[in-house]
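J.: How does the following fold in three dimensions:
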Amino acid sequence: MKKRPSGLERRISSPVRTPLVAAGFGLGNTGGGLHLWGIRIPDGTDVLVAFGDNGTDGDPDAQEWSVRRSHPSSTGFMLIENLRLADAISLAKRLPVSRQEIKIDAREHAGVDKALETARSLATGEG
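T.: Prediction:
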């Protein structure tokens, strides 16, 4: 049986909603009226995908999407910003977890794979 989108999900453009829902993401309220796309992965980590300051909807081809992975019992996270939506979704389960707060701007790297390589290097170099 296919899950019906919530009222808020129905207001989000199909080019954004469809790939996120297909990848298992759902809308979650982070408090203060802010909603983000999120998923809990089997290892217990949370992944959030957001568009700029809006959070839930925007141009899927704009390099204004971010992906963040964290563990609920840690204050650390790994964040890659300035991605296209498809890249944020593809990185969701490959992004390493960090005990520190690490932010990477994808525009400063030669492509998404280099940003991921930097993220992995920073995560494994943690003391």
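J.: State the distance from A119 to I80.
T.: Per Cβ to Cβ, to the nearest Å, A119 is found 6 Å from I80. From N, CA and C alone the C-beta is placed, and that goes for glycine too.
J.: which neighbours do the two share?
T.: L95, I104 (Cβ atoms under 8 Å, 6 or more residues apart in numbering).
J.: Going by neighbour count, which residues of the lengthiest helix in the chain are buried?
T.: Longest helix of the chain, by residue count under DSSP state H: helix 112-124. Buried positions in helix 112-124, judged by neighbour count with 16 or more other Cβ atoms under 10 Å: V112, A115, L116, T118, A119, A123.
J.: neighbours around A22, how many?
T.: 9 (other Cβ atoms under 10 Å).
J.: no no, G44
T.: Close neighbours of G44, defined as other Cβ under 10 Å, add up to 10.
J.: For it, what is the enclosing helix or strand?
T.: According to DSSP states H and E, G44 maps onto no helix or strand at all.
J.: How about the contacts made by the closest residue to it other than its chain neighbours?
T.: In space, and not counting its chain neighbours, G44 is closest to H71: 6.5 Å by Cβ to Cβ, 6 or more residues apart in numbering. Going by Cβ under 8 Å, 6+ apart, H71 touches G44, T45, D46, V97.
J.: Also A123?
T.: M78, P96, V97, S98, I102.
J.: What separation is there between the fourth one and M78?
T.: Distance of S98 to M78, computed by Cβ to Cβ: 4 Å.
J.: intersection of neighbour lists for those two?
T.: S70, L122, A123.
J.: wait, which of those residues is closest to P15?
T.: Nearest to P15 out of the shared contacts of S98 and M78 is S70 (Cβ to Cβ; 26.8 Å).
J.: Alpha carbons of stretch 41-52, in CSV - could you do that?
T.: Presented in CSV, the C-alpha positions along stretch 41-52 are these (Å, rounded to 0.1, in the frame of the first residue of the first chain):
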residue,chain,number,x,y,z
ILE,A,41,19.1,5.0,9.2
PRO,A,42,19.5,1.4,10.5
ASP,A,43,22.7,2.3,12.4
GLY,A,44,20.7,4.7,14.5
THR,A,45,22.0,7.9,13.0
ASP,A,46,19.7,10.7,11.7
VAL,A,47,20.0,12.3,8.3
LEU,A,48,18.5,15.7,7.6
VAL,A,49,18.1,17.3,4.1
ALA,A,50,17.2,20.9,3.9
PHE,A,51,16.9,23.7,1.3
GLY,A,52,18.6,27.0,2.3
